[in-house]
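Q: next come a sequence and a model predicted from it.
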Amino acid sequence: MADSVPMDAAQRGNGPFIWRFLTWHRVAHGVVVLTFYTLVLTGLPLRFSCAPFSAGLISLFGGVQTAGIIHRIAASMMVALAVVYVGYLSARFWRARGTPHAWKWGPDTLIPHPRDFVDFFKQWVYFFTGRNRPTFGRYSYLEKLDFFGAVWGFVIIIASGMLLSFPQFFGSFLPGWIFNVATVFHGEEALLATCFLFVVHFFNVHVRPDKWPLDAVMFHGRATVDYLEEEHPDMMPQVRANLDAPVSTRPRVDHRAPPPTRADSLIAATFGFALLATGFAILGMIVWAFAFC
């Protein structure tokens, strides 16, 4: 009888398991996910107030006034996380000041660099020819696109949201037309970010054939060596250097990890599929709204 294939792409292939993300990474991702979904679900009825689902959706949050309060609380949490993350990146840059070239241009960097553009075109050649598949370091150009696409959108959304949340303060020294611009920017950029994350990010991470139906590495933080060999081969020198070390029960990037427990896998699958289903439902509502509004 053939061995069963794990539903979670990060658990496919041969072990041992390796820590890919720290607890801090996973908690930050969880906060972003929960706050973003809350912002979308409370903001969508305002953006498409004429859609058939808007009245029912806004009532789930206790009405317009309560939904607005929830929206602002979620936004405050996202802004606080953004401030913390900027501090984290600043501290990391300061610690790496002796070797800035490696931090900026090495295989572990999250910063876009010329190789990412080369990988982009090599990936398309691979799609059509099946030859010369590009290899990636810790973060591929797709993951950098996900990250910086969201960052750019959040900057616009946060800036316009601040204007709309404190109109009396900003109105004391800004012209009135700026609030009309902020309203348009806030709604349209939020809509663009929603569609980007629920289409591009979902496809890259979960829906493409080699990932379907779920890649839960960000939920439990670990992946098999085979997974990393296929997805991020250029980071394998750091991983192989630690393969003979004892298993670390505490998350340590690139070190051996215990396999996810059944509870870990169940929790990851529950949250993962719930978020996927909600995201696709939101996309359906957006399409529905464009058909009626």
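A: Perfect, thanks for sending it.
Q: what about the closest residue to residue 61 other than its chain neighbours, how many neighbours?
A: Nearest non-adjacent residue to residue 61, counting by Cβ to Cβ, 6 or more residues apart in numbering: residue 67, 3.8 Å away. C-betas here are computed from N, CA, C, even on glycine. A total of 21 residues lie near residue 67 under the criterion other Cβ atoms under 10 Å.
Q: please apply the same query to residue 36.
A: Look at residue 36: counted by other Cβ under 10 Å, it has 19 neighbours.
Q: let me see the mean pLDDT of the helix or strand harbouring it.
A: Using DSSP states H and E, residue 36 sits in helix 23-47. Average pLDDT, helix 23-47: 92.
Q: so what does that helix touch, helix or strand wise?
A: Applying 3 or more Cβ pairs under 8 Å, 6 or more residues apart in numbering; DSSP states H and E, we find helix 23-47 packed against helix 54-60, helix 64-95, helix 177-196, helix 217-220, helix 262-292.
Q: quick one: that helix to chain centroid distance?
A: Centroid displacement of helix 23-47 relative to its chain, using Cα atoms, centre = their mean, to the nearest Å, is 10 Å.
Q: check stretch 145-154 too.
A: Its chain's average C-alpha position is 9 Å from that of stretch 145-154, according to Cα atoms, centre = their mean.
Q: repeat for stretch 166-186
A: 29 Å.
Q: next: stretch 135-142.
A: 15 Å.
Q: for the helices and strands packed on helix 23-47, give me a markdown table that also has mean pLDDT and distance to residue 234.
A: Conversion of the helices and strands packed on helix 23-47 to a markdown table gives the following (pLDDT from 0 to 100; distance: least, Cβ to Cβ, whole Å):
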| stretch | mean pLDDT | distance to residue 234 |
| --- | --- | --- |
| helix 54-60 | 91 | 44 |
| helix 64-95 | 87 | 20 |
| helix 177-196 | 91 | 26 |
| helix 217-220 | 93 | 17 |
| helix 262-292 | 92 | 26 |
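Q: okay, the ones you listed, which one's buried deepest?
A: helix 217-220 (a mean of 22; mean count of other Cβ atoms under 10 Å).
Q: hmm, who's touching it?
A: Applying Cβ atoms under 8 Å, 6 or more residues apart in numbering, the set of residues contacting helix 217-220 from outside is 9-10, 20-21, 25-26, 29, 223, 227, 260, 264-265, 267-268, 271-272.
Q: just stretch 196-215 next, same as before
A: With Cβ under 8 Å, 6+ apart as the criterion, stretch 196-215 contacts 7-10, 36, 142-143, 145-146, 149-150, 153, 230, 268-269, 272-273, 276, 279-280, 282-283.
Q: could you redo the last one with a cut-off of 6 Å?
A: Stretch 196-215 is contacted by residues 7-10, 142, 146, 149, 272, 279, 283 when judged by Cβ atoms under 6 Å, 6 or more residues apart in numbering.
Q: ok, now stretch 158-167?
A: Counting by Cβ under 6 Å, 6+ apart, 75, 79, 170, 182, 185-186 sit against stretch 158-167.
Q: may I see the buried residues of that stretch?
A: 160-161, 163 (16 or more other Cβ atoms under 10 Å).
Q: closest one of these to residue 57?
A: The nearest member of the buried residues of stretch 158-167 to residue 57, counting by Cβ to Cβ, is residue 161 at 19.6 Å.
Q: in what helix or strand does the closest one lie?
A: Going by DSSP H and E, residue 161 is part of helix 141-165.
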